[in-house]
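>>> Generate coordinates for the sequence data below:
(chains A, B, C and D)
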Protein chains: 2
Amino acid sequence: MNKDKKYSVEVRVWIEETEGAFLGIGKIWLLENIRKTGSITNAAKEMKMAYRQAWQLVEEMNQRAESPLVAKLLGGKGGGGAKLTEAGEKAIAVFYEVEKRIKEFAQRETQNLKF
Amino acid sequence: MNKDKKYSVEVRVWIEETEGAFLGIGKIWLLENIRKTGSITNAAKEMKMAYRQAWQLVEEMNQRAESPLVAKLLGGKGGGGAKLTEAGEKAIAVFYEVEKRIKEFAQRETQNLKF
DNA sequence: CTTCAGTATTCATTTTAAAACATACTGAAT
DNA sequence: ATTCAGTATGTTTTAAAATGAATACTGAAG
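Residues are numbered from 1 along each chain as shown, chains lettered A, B, ... in the order given. Below is the predicted model of the structure:
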């Protein structure tokens, strides 16, 4: 009698700060790519994202975190670069932990949805 | 020593179906406004949304639910209208229940975030 | 058999966000 | 003092999405 379609709950998690959205999965991916490549430029390329956009995201994160998540090196050998700070590393870990807990709960609590 | 900014976790919940996103808070608001006004036209006005957009959302919901969430009356007294089906009423209730449980969990599990 | 308000559908326009482009700045190394 | 690759920033293009305008369709009621 039922069409028996499958429905599932999806959840998007992000961190909010007084001025609005502060840290979601997109910025986390950017942080991870900065860690991997050592620069905003290469992280952006990796993600097929415009450098300008990536740079702005980093700027925003750094200003709104209590302490910067990304340390930028200006000029010098190789033109400079960027690396994660201790706070940046921690942010990635905390975000994934929070996200994991919430998503697991969401799956566990919502079986057999019907619409 | 800390700047003591306040951070909170935000969660967005939606229902996914085989072909992608099926039902989120936006469509739920639309359903509620259809219930309130008795037509897609007036629901759209209420939400300052284009009729075209509202109509498409209803169409999508109806096709992808196992049974339609909105019953449309074509022509006749007053030109017709739209009202929620039993399934539509149920969808609103189920969605809010699921959303509430997940959001409460998210708040409960994430105190004292630092970035 | 005309009226009427809402549904159904197409097409042109506007708005918006993202990407692309361009250009200057930085500082270690040579 | 020139090179070099990445950071920093403004301006222009492009593309996507939402809106608005226009038109036909529907059927109960008078």
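>>> for stretch A:69-89, what is the average pLDDT?
Mean pLDDT, stretch A:69-89: 96.
>>> got the buried residues for it?
Residues of stretch A:69-89 classed as buried by neighbour count (16 or more other Cβ atoms under 10 Å in any protein chain shown): A:Leu69, A:Val70, A:Lys72, A:Gly81, A:Ala82, A:Leu84, A:Ala87, A:Gly88. Backbone N, C-alpha and C define where each C-beta goes, glycine included.
>>> Find the nearest non-adjacent residue to the third one, please.
Translated: A:Lys72. The shortest distance from A:Lys72 to any non-neighbouring residue, by Cβ to Cβ, 6 or more residues apart in numbering or on different chains, is to A:Ala82 (4.9 Å).
>>> which residues touch the most centrally placed residue in chain A?
Ranked by distance to the mean C-alpha position of chain A (Cα atoms, centre = their mean), the top residue is A:Ile28 at 1.9 Å. By Cβ atoms under 8 Å, 6 or more residues apart in numbering or on different chains, the residues touching A:Ile28 are A:Ala91, A:Ile92, A:Phe95, A:Tyr96.
>>> Tell me if the second one really is in a helix.
Yes. When DSSP: H, G, I helix; E, B strand; the rest coil is applied, A:Ile92 is found to be in a helix.
>>> how about it, what does it touch?
A:Ile92 neighbours (Cβ under 8 Å, 6+ apart): A:Ile28, A:Leu31, A:Glu32, A:Leu84.
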